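1. All I have is the shape, not the residue letters:
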């Protein structure tokens, strides 16, 4: 893992952190910004400079922000005990690149190894914020595992043997109508939409009007 060292002009030198119990993940809420850009933003806030200890770009480059043993400035009430990582992008409306996800997972794994038992969390778990965004791949970054790719036609067109007879009856009764190509999505997760359609086809929904 390569950490790119940057030279920053600090407004002042933060104190050294005495304990490290948390690792908190953030997004920049913006794309096409560098660690130096964020440093400038945070200087403008009257802070020492870039508030995060690491910055991970969409291309998978990892830049050092504050020295790891300095107090961060990224999470209210947790700066005295945490390391902060920021990821380029706004994950409320975009998804993370594979290169960025892999770099982030490698960095998190390294920190977890050096600080056994550290609590890894999203910024929004500790402060009232949506950071790092609803599309942030938190589980994959923390576990280091990505979901296995699913083939376009991976959905089985055949029901399990134990359910075959009942499925045939449901098709014959018009309860399940499929997609018109012989695929009845037998192993799909069951949603409330599906439940409503199923109950309607079974005649279990009777809307009563006021007399």
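-> Perfect, thanks for sending it. Quantities reported herein were computed from a predicted structural model and do not represent experimental measurements.

2. For the biggest helix by length in the chain, give the mean pLDDT please.
-> For the chain, the longest helix by residue count, based on DSSP state H, is helix 98-114. Helix 98-114 carries an average pLDDT of 97.

3. Would you tell me what the next helix or strand after it is?
-> strand 119-122 (DSSP states H and E).

4. Downstream of that next one, the next helix or strand is which one?
-> Sequence-wise, the next helix or strand downstream of strand 119-122 (DSSP H and E) is helix 123-126.

5. now that next one: how far from the chain's centre is it?
-> Helix 123-126 has its C-alpha centroid displaced from the chain centroid by 13 Å (CA atoms, centre = their mean, to the nearest Å).

6. circling back: next, the buried residues of the longest helix of the chain.
-> Buried residues in helix 98-114, counted by 16 or more other CB atoms under 10 Å: 100, 101, 102, 103, 104, 105, 106, 107, 108, 111, 112. (Each C-beta comes from the backbone N, C-alpha and C, glycine too.)

7. and the closest residue to the last one other than its chain neighbours, what pLDDT?
-> So the one you mean is residue 112. Once flanking residues are discounted, residue 112 sits nearest to residue 118: 5.8 Å by CB to CB, 6 or more residues apart in numbering. At residue 118, the model reports a pLDDT of 96.

8. you'd agree residue 118 is up against residue 21?
-> Yes - if you go by CB atoms under 8 Å, residue 118 and residue 21 touch, sitting 6.5 Å apart.

9. For the buried residues of helix 98-114, please prepare TSV with the additional fields distance to residue 78.
-> Putting these into TSV (distance: CB to CB, whole Å) gives the following:
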residue	distance to residue 78
100	24
101	24
102	26
103	23
104	19
105	22
106	23
107	19
108	17
111	15
112	17
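
10. Just the closest of these to residue 143, please.
-> Within these, the smallest distance to residue 143 is 7.8 Å, found for residue 105 (CB to CB).

11. Give me the neighbour count for the closest residue to the closest one other than its chain neighbours.
-> Take residue 105 and drop its neighbours on the chain: the residue closest to it by CB to CB, 6+ apart is residue 144, 4.5 Å away. Neighbourhood size, residue 144 [other CB atoms under 10 Å]: 14.

12. likewise residue 32?
-> Using other CB under 10 Å: residue 32 sits among 10 other residues.

13. Ok, the one 3 residues further on next?
-> Summarising burial for residue 35: neighbours were counted as other CB under 10 Å, giving 24.

14. Tell me how far it lies from residue 127.
-> If you measure residue 35 against residue 127 using CB to CB, to the nearest Å, the figure is 22 Å.

15. so where is the protein shaky, pLDDT-wise?
-> 145-159, 161-162, 177-190, 192-194, 205-211 (pLDDT under 70).

16. Please parse it into its domains.
-> Using automatic domain parsing, the domain ranges for the chain come out as 3-143, 161-201.

17. most tightly surrounded among the ones you listed?
-> Among the domains of the chain, ranked by average contacts under mean count of other CB atoms under 10 Å, first place goes to domain 3-143 (a mean of 18).
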